[in-house]
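Participant: compute the structure for the input listed below.
(one chain, ligands or ions: 1)
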Amino acid sequence: MVISMEKKRNSFGGSIGFVLAAAGSAVGLGNLWRFPYLAAKDGGGLFLVVYIILVLTFGFTLLTTEIAIGRRTKQSPLTAYKAVNKKSGFLGYLAAIIPMMILPYYCVIGGWVTKYLVVYCTGAGTAAADTSYFTGFLSGITQPIVFLCIFLALCAVIVARGVDKGIERMSKFLMPVLLLLILVISVFSLTIKSEGADGVVRSGFDGLKVYLIPDLNSLTFSKLVITVVDAMGQMFYSLSVAMGIMIAYGSYVPDDANLVKSINQIELFDTVVAFLAGVMIIPSVFVFMGREGMEASGPGLMFVSLPQVFHSMGKAGTFVAILFFAMVLFAALTSAVSIMEAVVSSVIDKFGFSRIKAVIIETVIALGVGIVVCIGYNLMYFEFKLPNGTIAQMLDILDYISNYCLMPIVSIGTCILIGWIMKPDYVIDEVEKSGVKFSRRTLYIIMIRFVAPAMLMVLLLQALGLFSLK
Ligand code: PHE
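Facilitator: Numbers count the residues shown, from 1 in each chain. Down below sits the predicted model:
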């Protein structure tokens, strides 16, 4: 037997492993705490229809492009752009900086989720229903940092084990469990019925109607535009594009894998989970808190409103809360692992470091920045007004720069690179390499050259406060 001395690039064992890992990246906090809120805000069913159309056109274009660049170049995000075209190396730097900025605060939030899971598992859930519990937790100095360390260590161990033994194995186990948990909680959520604090009796099915039935009566043109822009931003974030992750994961996909099929499956998985998150959250919040309860999203929804809902459920509440936070933890972990992998693969490819060394370096950086994010809520507390009008703390500033500014910029750059400089055949040939037909070829060409960059420009201008819909 000939033993090759050349270091072999990690790879996924098969298509299912790749699809579940990519879906693991895509399914995250965005699906769980932002999608249901936007759907409820933007007229129920209408948002869902717009969202699905965008996933199948805009989302499909970006996802296909990144995965194909990864597989074709067999490089990490940092080095892949240069391999596509010598002059586009700077996009690689931007694409690698984004996950470095996101990982620390994503892990801080992962730490909060871990904390809540522990709280409910140890039977202390009643305290969490108090509105000041969450702020009390954040203003304590050590606890958020301890939970950040636990979550980050979990991530580091999985990434250090490599693509097939770490990331793929974890995804193959956690993603089916996540789907099962969300299904169970959704069904439960539909069965509840209760008299809310306002004395009105509401059922889970009433809540489902709020979620699904389009509110067309009050529809105006400007509302429709807001719905489209909201759905666009949500979809962009939800599919984990524009931060190198899909390039890194694409570079581990075997050449004979059917990319068209895999991409369809990733989109389907992500959309189904987002949809189910709505079925799970909207009816239960609606039953116990009415329409006003549905005005919360993000941390406010997950760590303040939902604990109150669990409390109102009585005895069953603790059990549902444990299932819920376990599910959120899995979603956050598979996403955080993908963010870390984007950085680690870049360090390995650029500097030739071992995987372990790269993981240690990135963990130390994420820990350092993560601690600054944590103390941004207590010792270093400040309030800052962002160009788009929101009041921000440390975490929000990192989120704003990475998600709202750099990600659209990288994506616009990628569209120009593939659509105009290299030409769409660069991606189409890669997809068709395994012998499959690229069925949405014409759609792809129109999207990558014209529509996607224009849509991304709208997102960017809105984030910069140069264009407002409200
Ligand atoms: N796509 C994930 C979500 O919907 C979030 C995420 C963003 C994950 C960026 C990785 C990188 O929550």
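
Participant: so does the top helix by length along the chain get close to the ligand?
Facilitator: The longest helix of the chain (DSSP state H) is helix 315-351. Yes. Using CB under 6 Å from any ligand atom, helix 315-351 reaches the ligand at Ser335, Ser338, Ile339. Heads up, the C-betas are built off the backbone N, CA and C, glycines and all.

Participant: for that helix, the averaged confidence score.
Facilitator: Mean pLDDT, helix 315-351: 97.

Participant: stretch 132-143 too?
Facilitator: Stretch 132-143 comes out at a mean pLDDT of 96.

Participant: report the buried residues of that stretch.
Facilitator: Residues of stretch 132-143 classed as buried: Tyr133, Phe134, Phe137, Leu138, Gln143 (neighbour count, 16 or more other CB atoms under 10 Å).

Participant: chain center to it, what's the gap?
Facilitator: 25 Å (CA atoms, centre = their mean, to the nearest Å).

Participant: ok, Leu63 to Gly419 distance?
Facilitator: In this view, Leu63 and Gly419 are 15 Å apart by CB to CB, to the nearest Å.

Participant: likewise Ala336?
Facilitator: On the measure of CB to CB, Ala336 and Gly419 end up 31 Å apart.

Participant: smallest gap between the stretch 301-450 of the chain and the ligand, at which residue?
Facilitator: Nearest to the ligand in the stretch 301-450 of the chain, going by CB to the nearest ligand atom, is Ser335, at a distance of 3.7 Å.

Participant: skipping its backbone neighbours, what lies nearest Ala153 in space?
Facilitator: The spatially closest residue to Ala153, leaving aside those adjacent along the chain, is Thr363, at 7.8 Å (CB to CB, 6 or more residues apart in numbering).

Participant: all helices for the stretch 1-150 of the chain, in order.
Facilitator: Remark: helices assigned in the stretch 1-150 of the chain by DSSP state H, counting those that start in this stretch are 15-26, 29, 35-41, 45-54, 60-73, 77-84, 89-121, 125-128, 133-139, 142-160.

Participant: now distance to Ile356 too, for these, in TSV please.
Facilitator: Shown next, in TSV, are those (distance: least, CB to CB, whole Å):
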stretch	distance to Ile356
helix 15-26	20
helix 29	28
helix 35-41	36
helix 45-54	40
helix 60-73	23
helix 77-84	19
helix 89-121	17
helix 125-128	37
helix 133-139	33
helix 142-160	6
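
Participant: which of those helices comes out lowest on mean pLDDT?
Facilitator: Among these, helix 35-41 scores lowest, at a mean of 90.

Participant: list the buried residues of that helix.
Facilitator: Phe35, Pro36, Tyr37, Leu38, Ala39, Ala40.

Participant: does anything pack onto that helix? Which helices or strands?
Facilitator: Counting contacts by 3 or more CB pairs under 8 Å, 6 or more residues apart in numbering; DSSP states H and E, helix 35-41 packs against helix 45-54, helix 204-212, helix 221-238, helix 259-293.

Participant: so which of those helices gets nearest the ligand?
Facilitator: Using CB to the nearest ligand atom, the nearest of those to the ligand is helix 221-238, at 4.0 Å.

Participant: what helix or strand is the residue nearest to Ala153 on?
Facilitator: helix 355-375 (DSSP states H and E).

Participant: that helix vs the ligand: in contact?
Facilitator: No. For helix 355-375, no contact with the ligand is found by CB under 6 Å from any ligand atom; the gap never falls below 13.4 Å.

Participant: so in that sheet, which strands flank the helix or strand that that helix is followed by, and in what orientation?
Facilitator: Per DSSP H and E, the first helix or strand lying C-terminal to helix 355-375 is strand 384-385. Paired strands of strand 384-385, with direction, are strand 391-392 (antiparallel) (DSSP bridges).

Participant: what mean pLDDT does the strand it pairs with get?
Facilitator: Per-residue scores along strand 391-392 average to 89.

Participant: of the buried residues of stretch 132-143, closest to the ligand?
Facilitator: The ligand has its nearest neighbour among the buried residues of stretch 132-143 in Phe134, at 19.7 Å by CB to the nearest ligand atom.

Participant: what is the burial count for Glu383?
Facilitator: Residues near Glu383, counting by other CB atoms under 10 Å, number 8.

Participant: could you do the one 3 residues further on as well?
Facilitator: The number of residues packed around Leu386, counting by other CB under 10 Å, is 17.

Participant: same deal with Ile428?
Facilitator: The burial count for Ile428: 18, using other CB under 10 Å.

Participant: do Leu379 as well
Facilitator: Leu379, neighbours per other CB under 10 Å, totals 10.

Participant: spatially nearest residue to it, not counting backbone neighbours?
Facilitator: Closest residue in space to Leu379, ignoring its immediate chain neighbours: Ile141 at 6.6 Å, by CB to CB, 6+ apart.

Participant: over to Phe188?
Facilitator: Spatial nearest neighbour of Phe188, chain neighbours left out: Val320 (6.3 Å); criterion: CB to CB, 6+ apart.

Participant: return the residues in contact with the one you found.
Facilitator: Ile185, Phe188, Phe310, Met313 (CB atoms under 8 Å, 6 or more residues apart in numbering).

Participant: cool, Gly317 as well?
Facilitator: Counting by CB under 8 Å, 6+ apart, Gly317 has contacts Gly125, Val309, Phe310, His311.

Participant: name the helices or strands packed onto the helix or strand containing the last one?
Facilitator: Read that as His311. Secondary-structure assignment from DSSP H and E places His311 in helix 306-312. Packing contacts for helix 306-312, counted by 3+ CB pairs under 8 Å, 6+ apart, involve helix 125-128, helix 259-293, helix 315-351.

Participant: please consider this matter closed, and thank you.
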